[in-house]
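K.L.:
Build me a structure from this.
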Amino acid sequence: MSPAGGWPQLRAAVANGADAVYLGLTSYSARARAANFDPDPALLWEGHDGDDDDNDKEDDRSTTVDFGRRLEMARSGGDRGTTRAREVDRGGGGDDGADVADATRPAASLARAVRFCHDHDVRVYVALNTLVFDDELREVEGLIEDVWDCGVDAVIVQDAGVARIVKEVVNRRRRGQEGGGVTVAGRGRGLYGAPLEIHASTQQTVTCADGVAFAAERTNATRVVLGRELSLSEIERIAESTDTEIEVFVHGALCVSYSGQCFSSEAWGGRSANRGQCAQACRLPYGLIANGELRHLSFDGIEGIMGRRNGATTGNDEIKYLLSPQDLCGLEQVEGLVKAGVSCLKIEGRLKDASYVAATTRAYRQAIDAAWDKVLEERSDSYSPPRRILTSPDERVSRSDLTHVFARGQDEKHDGLTPGFFEGARHQRLVRGRSPRHRGMHVGRVVSSIGGALVIRLDDKYTAEDAPLKRGDGVVVDRGMPQEKELGGPVYDVKYHEGNAIIRFGRDVERQWKENDQRFSTSMTPTGSHVWSNISSTVFFSSYISATIAARAILHHPRKTADSDILKRMHRLAELDPPKSPAKVVVEGRVGDILTVRIIDERTGLIGIANSLEMGTLAEAEGPAINRQSIAKAVGSLGNSRWSLSELDLSHLEEGVWCPMSWVKDTRRRALEDLEKIIDMSITTTCDLPIKFTNLNPIVDRLLGEISNGEPGATRTKVSVLVRNHDQVDAICSLIEEIADDVSANREVVSEVIVDFLEVEGIRSSVSRIREAQSRTSHDLRVVVASPRIIKPGEEGIWQMLLKTSPDGILVRSTGLLHRLNQLGGAGQRVTIRSAEESIEVTIPELIGDFSLNAANAITACELLESGLSRITASYDLSGKAITELATLLGKKASQLDVVLHTHMPIFHTEHCVFARFLSKGNSYQDCGHVCTRNTVHLRDQNGKDNLVLADMGCRNTVFMAESQTGIFSTNEWVRAGVGHLRIELVDESGSDAANIVTSYLQFLSKEIHAREVWDRLEVIPDSNGRLGGVGFGSLRNAAERRSGEVTSNVH
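P.N.:
Sure thing, here's the model as predicted:
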């Protein structure tokens, strides 16, 4: 399955072998900066019928994309222009690219895109994969209706509430319903009449078979996109455990955080990654603070003296990009994924250009076909998967080509493409930290500079016959400081001598080089730079290498950034016409009978038939009879149709017959027309009429009406405190006991303590301490244990460990754990846990859903509550005002809503371990020495703030924002709206500071102090290193969020 950020990418995907494409709409897409597609089904009929591929071809590739563009021009009064957006910042994050999808163009017609794809037997999946707020649910319902009308095959969904709306729309449209005098057709809308399906997005953070089961049973998902952090063996175990289709990412950018669990953009800039507005914070530089000290990291990944060579300060070995992974390339794992039972291999890149889509699609098409060839050799049955016919099938795309297209190269050994997590955790390989952006192919190292020319010592992989550079290629010199300008541009001249390449740039580059030389001192020129190459046509101006230091040995690393031959090849692939379907033509008849032509679509088996009844019957030849040569000429290659002739069968044509050749041509034409009609009837791509069913009974109104069934109850809002270390446990318990002993105090109390620890023994001892405090209080004090956000195959026993601590509740952070506990009987059920040492009976306690379940609207909240939870925590994507509106909509159910009142936002949650990568030489928990248990680590951001890193029981890292976040100024509104629990989350505060924080909030809730005083106290709370992080509103800020369509593209 290939990405399609716009019409050129869609055509490139279809032409190069995609079985399906996925694309976004002009709103509610996780790639808001792509051009995307307009879902209005009427666009297919207004101004263009979308039927003639050849007539479309010129229009598709021009600046006038389609009728949608002309409509936009009419609305705006003129052409908006087609200037391609370029990235101007640090090089992109989750989905960035060389020559991005043109976000300045208006959206193409979705209906037309679906028709085009279905005509070529390619399915279309629409990504509605963002969280949706309550005031947007009605708009989303309308979009889903449009998606149905356009004939889309599936929607990719993150939000459980959106999945519920899709399910309701599909049920209504399939069964037919009277709505305002219009009967809605109750037929399937996808390819060959299949119903609209729901696919669970990777943003649902599914990493185990239980998570797959939850998505299938609760959201009606027929396919689940697994998290990218799973190994091949883990994927195989999941696939073996379910009949639900499994989809896996195989190529493209890797987010360092689990999808759906990244809140850095939200915390720092109000740009929610869960809303399609990722700010790419993982691609920023960070400093490593270990045990309070700034560590300077050398390029081998272990602490070293950065920048000291012969007394000169250099930046070449400095590791800064501690959270920026290299990209995923699973070409070598395709066979294993096929054998594992994976249903779909997905290429990331809806912000990439058509050349990227063409190259990656063709590479994986070829890899899949080769994998099936091997698999079929080992099978004894007759199964054969469908094959795609490629235009220019001999044109191969190699892994090396893909590094030119896009790869975040680091050095000679790390070209920017990795297997990701397919081989398990490889922390030393995944994140090298040298550069966050596209580099291309590593060429060698600069060893000297002679009169403006660079002398490059070529990598050992190149031979005299395999010269890596030629005139016109693009080169960039990587000094190890990607945040600065870099020298580079097209090569003007190149000569080879004894393993070296001597290159010169054009005058413009050399002139800018000299201008920079005047601005910088030679001491700033680092050693050890790399030279890279790729196919980008962009000129990389302007880092410099001073000619005045030519006498010194400079080891810059050049990279070839533009190979003119590869550039032409990739562009040629992007411009290919989609392949035609093979068709067999059967011509039959005998003397005195009519001539009959049958055209058989070999892909579908459908047949078009026509005969010569109106023209006459075949006669006995008096002269030369019609023969294969004459018939083949009349049949031709099937003309300007969607088919190409694969076989001409004359076995049923009697020898010695004759008719005018015009009869053969006319009968062939009508047989093609008949086949066209049959194919169109079977595909059922679009609506019969461009009708907008605006007067149907609104689904969202009905669902919200069922939820808001009364005013908030009189239940008193309670306070929960989450603790993460023993000092905090003891301090909070002591505070609870102190309040209990002060009979004169009339203060709010802590009603619940949540234990969130790295190891099991810490949980048990903490539960015991809280039980001790519980025995000394007159009010009901509950103890809850927090589960990990991620549970992978082999870790399912975590539920047993949690239950053995005998808590009053479990804070559930994944749908997989929720499904497992429900399968055991749910809250209140007695279960037996057996092991070699013992067999004990425990009770499943109350189940409380955490923020990680992403409840951002009332429908989603209720879907989760109905899934076995007694309470649900509001998503971190909601502002303070939005939380109030959510509680109001929930009515009586607001008492089941938890809100995080105070926290340090968990901005990243990663499988990649910062501890193992930068404090050890280990690749996983097996050889890292468990350095996370002996060290405290913070990441210093560009603002000088230190963000804490903690490891959980699964060795996953969470990065917590340095600044604390408070909802103190929204608290009274939440209480009036009926919110059931307010939670105070501690991170690394000392015991005394933890008590101070909790006391301040309790005093405010008891009306002893004002909100401003709480704020002032929070401002002076230090972290574990004694540094002040400050306090802010964070994600609770009420400033209006920018709509996704207004986000400026910043990707190159």
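K.L.:
Tell me the first helix or strand C-terminal of the helix or strand harbouring Val357.
P.N.:
In this structure, Val357 sits in helix 354-378 according to DSSP states H and E. Later in the chain than helix 354-378, the nearest helix or strand by DSSP H and E is helix 399-405.
K.L.:
Give me the helices and strands touching that following helix, please.
P.N.:
Counting contacts by 3 or more Cβ pairs under 8 Å, 6 or more residues apart in numbering; DSSP states H and E, helix 399-405 is packed against helix 354-378, strand 417-418, strand 441-450, helix 564-574. Glycine gets a C-beta too; all of them are placed from N, C-alpha and C.
K.L.:
if you average pLDDT over that helix, what comes out?
P.N.:
Per-region confidence: helix 399-405 scores 91 on mean pLDDT.
K.L.:
List the contacts of it.
P.N.:
Around helix 399-405, the neighbours that count as contacts under Cβ atoms under 8 Å, 6 or more residues apart in numbering are 98, 251, 329, 331, 355-356, 359-360, 363, 409, 415-417, 440-441, 533-535, 563, 566, 569-570.
K.L.:
List the buried residues for stretch 446-464?
P.N.:
Counting neighbours by 16 or more other Cβ atoms under 10 Å, one finds that the buried residues in stretch 446-464 are 446, 448-449, 453-459, 462.
K.L.:
averaged over its residues, what pLDDT does that stretch have?
P.N.:
Along stretch 446-464, the predicted local confidence has a mean pLDDT of 80.
K.L.:
just stretch 609-624 next, same as before
P.N.:
According to the model, stretch 609-624 has a mean pLDDT of 94.
K.L.:
tally of neighbours for Gln629?
P.N.:
With neighbours defined by other Cβ atoms under 10 Å, the count for Gln629 comes to 8.
K.L.:
Mind pulling up the pLDDT for it?
P.N.:
Among the per-residue scores, Gln629 shows a pLDDT of 93.
K.L.:
And for the one 10 residues further on?
P.N.:
As summarised for this prediction, Gly639 has a pLDDT of 79.
K.L.:
Then it would be within a helix, right?
P.N.:
No. Looking at Gly639 with DSSP: H, G, I helix; E, B strand; the rest coil, it is coil, so not inside a helix.
K.L.:
since we're on it, how many residues are nearby?
P.N.:
Here the count is done by other Cβ under 10 Å, and Gly639 has 12 residues near it.
K.L.:
now it: how far from Arg669?
P.N.:
Relative to Arg669, Gly639 is positioned 8 Å away (Cβ to Cβ, to the nearest Å).
K.L.:
what's the closest non-adjacent residue to Ser231?
P.N.:
Taking Cβ to Cβ, 6 or more residues apart in numbering, and ignoring the residues beside it in sequence, Ser231 has Gly424 as its nearest neighbour in space, at 4.6 Å.
K.L.:
With Ala154 instead?
P.N.:
Glu197 (3.9 Å).
K.L.:
Quick check: that neighbour vs Glu706, distance?
P.N.:
Where Glu706 is concerned, Glu197 sits at a distance of 25 Å (Cβ to Cβ).
K.L.:
between the two, who's got more neighbours?
P.N.:
Using other Cβ under 10 Å as the criterion, Glu197 and Glu706 rank with Glu197 on top: 20 against 10.
K.L.:
So which residues of the stretch 1-150 of the chain form strands?
P.N.:
With DSSP state E, counting those that start in this stretch, the ranges of strands along the stretch 1-150 of the chain come out as 2-3, 20-24, 37-38, 108-109, 123-128.
K.L.:
hmm, which two among the buried residues of stretch 446-464 are most spread apart?
P.N.:
The largest separation in the buried residues of stretch 446-464, counting by Cβ to Cβ, is between Ser449 and Tyr462 at 20.7 Å.
K.L.:
mind checking which of the helices and strands packed on helix 399-405 is nearest Ala583?
P.N.:
Ala583 lies closest to helix 354-378 among the helices and strands packed on helix 399-405, at 21.2 Å (Cβ to Cβ).
K.L.:
Show me what the closest one is packed up against.
P.N.:
Helix 354-378 is packed against strand 2-3, helix 7-15, strand 245-252, helix 334-340, strand 344-347, helix 399-405, helix 564-574, with contacts defined by 3+ Cβ pairs under 8 Å, 6+ apart.
K.L.:
so how far is the shortest one off the chain centroid?
P.N.:
What that stands for is strand 2-3. Centre-to-centre, strand 2-3 and its host chain are 12 Å apart (Cα atoms, centre = their mean, to the nearest Å).
K.L.:
Averaged pLDDT, it. What do you get?
P.N.:
The predicted model gives strand 2-3 an average pLDDT of 96.
K.L.:
Give me the residues contacting it.
P.N.:
Residues from elsewhere that reach strand 2-3 (Cβ under 8 Å, 6+ apart): 9, 13, 16, 18, 20-23, 252, 347-350, 352, 357, 360-361.
K.L.:
Likewise for the fifth one?
P.N.:
Residues from elsewhere that reach strand 344-347 (Cβ under 8 Å, 6+ apart): 1-3, 19-20, 22, 223, 225, 245-252, 330, 334, 337, 357, 360-361, 364, 368.
K.L.:
buried subset of those residues?
P.N.:
In terms of neighbour count (16+ other Cβ under 10 Å), the buried residues within the contacts of strand 344-347 are 1-3, 19-20, 22, 223, 225, 245-252, 330, 334, 337, 357, 360-361, 364, 368.
K.L.:
lowest-pLDDT helix or strand in this structure?
P.N.:
Every helix and strand of the chain was ranked by mean pLDDT, DSSP states H and E. The lowest is helix 67-76, at a mean of 30.
K.L.:
ok now stretch 957-975, how far from the chain's centre?
P.N.:
27 Å.
K.L.:
Could you tell me which residues within that stretch count as buried?
P.N.:
Across stretch 957-975, burial judged by 16+ other Cβ under 10 Å covers 957-968, 970-971, 973-975.
K.L.:
ditto for stretch 411-420
P.N.:
For stretch 411-420, burial by neighbour count (16+ other Cβ under 10 Å) applies to 411, 414-420.
K.L.:
Least reliable of the strands of the stretch 1-150 of the chain by average pLDDT, please.
P.N.:
Confidence, taken as mean pLDDT, is least for strand 108-109 of those (a mean of 82).
K.L.:
And that strand, what does it pack against?
P.N.:
Using 3+ Cβ pairs under 8 Å, 6+ apart, strand 108-109 is in contact with strand 37-38, helix 67-76.
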